[in-house]
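Trainee: What would the 3D arrangement of this be:
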Amino acid sequence: MCLKKFAIQFGKRVSLAAPLKKYLNLTKEVLLKPESFMGKQRYCLLLQIVLTYFTQASDPPGASEALRLLWSTYPDSYITLEEITSAFGEALDPELINHIYEFYSQSVGEVADVVQPRSLKHFCRLKIRKILWLNQNWLPEGIARTGLPNQLQAFLNLEKVAKYRVAIVRGKSALL
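Mentor: Residues are numbered from 1 along each chain as shown. I've put the predicted structure just below:
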């Protein structure tokens, strides 16, 4: 289902500039291959990153913020450059893969060299938000009613705290 939605969105909504078309070799076989070595949910998240990258031309800050907000609500570990390369190395130019990863890393404010669990702080945020929602304390009003300090309320409300720059040098990525 994820692949079908991606293909529909990618085909109908994305108008790629001529220079980008030379990078793409996204056949059905290429798009289905990563599902054999990564979970379906992880693969859908990876496709979401790629789709967001290609649709950012109309509103780059908006696309970046949307990706940041999405990843602030997922418990999944951050995507690594190696995962994107493994999934799309046959279909996308290495330079384009680096650009996609740089866009993703800058959007979420993290560079992951290895797949590892997210922080306990992040899991607590997700749990608190879920408990508030289950008790019909709708967000953000439910968070305001907790009486927590403003800094914690901002964290629970997914407010942006810092902006990072990411550089990819010789296949390795780092926050600047």
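Trainee: As PDB, could you dump the C-alpha coordinates of the host helix or strand of Gln153?
Mentor: Following DSSP states H and E, one finds Gln153 within helix 150-156. Extracted in PDB, the C-alpha atoms of helix 150-156 (Å, rounded to 0.1, in the frame of the first residue of the first chain):
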ATOM      1  CA  ASN A 150       7.100  26.600  29.600                       C
ATOM      2  CA  GLN A 151      10.300  24.900  28.300                       C
ATOM      3  CA  LEU A 152       8.800  21.500  28.800                       C
ATOM      4  CA  GLN A 153       5.500  22.500  27.300                       C
ATOM      5  CA  ALA A 154       7.400  23.800  24.200                       C
ATOM      6  CA  PHE A 155       9.100  20.400  24.000                       C
ATOM      7  CA  LEU A 156       5.800  18.500  24.200                       C
END
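Trainee: could you give the mean pLDDT of it?
Mentor: Helix 150-156 shows a mean pLDDT of 94.
Trainee: Please apply the same query to stretch 48-68.
Mentor: Averaged over stretch 48-68, pLDDT sits at 89.
Trainee: next one: stretch 72-91
Mentor: Rounded mean pLDDT across stretch 72-91 is 91.
Trainee: Kindly indicate whether Glu90 is helix, strand or coil.
Mentor: With DSSP: H, G, I helix; E, B strand; the rest coil as the basis, Glu90 sits in coil.
Trainee: And it, its phi and psi?
Mentor: Dihedral pair for Glu90: phi -80, psi -20, per degrees, to the nearest 10.
Trainee: would Tyr101 count as being in a helix?
Mentor: Yes. Assessed by three-state DSSP, Tyr101 belongs to a helix.
Trainee: Could you tell me how many residues sit around it?
Mentor: Using other CB atoms under 10 Å, Tyr101 has 24 neighbouring residues. To be clear about C-beta, it is placed using only N, CA and C from the backbone, and glycine gets the same treatment.
Trainee: Also Pro149?
Mentor: With other CB under 10 Å as criterion, Pro149 counts 9.
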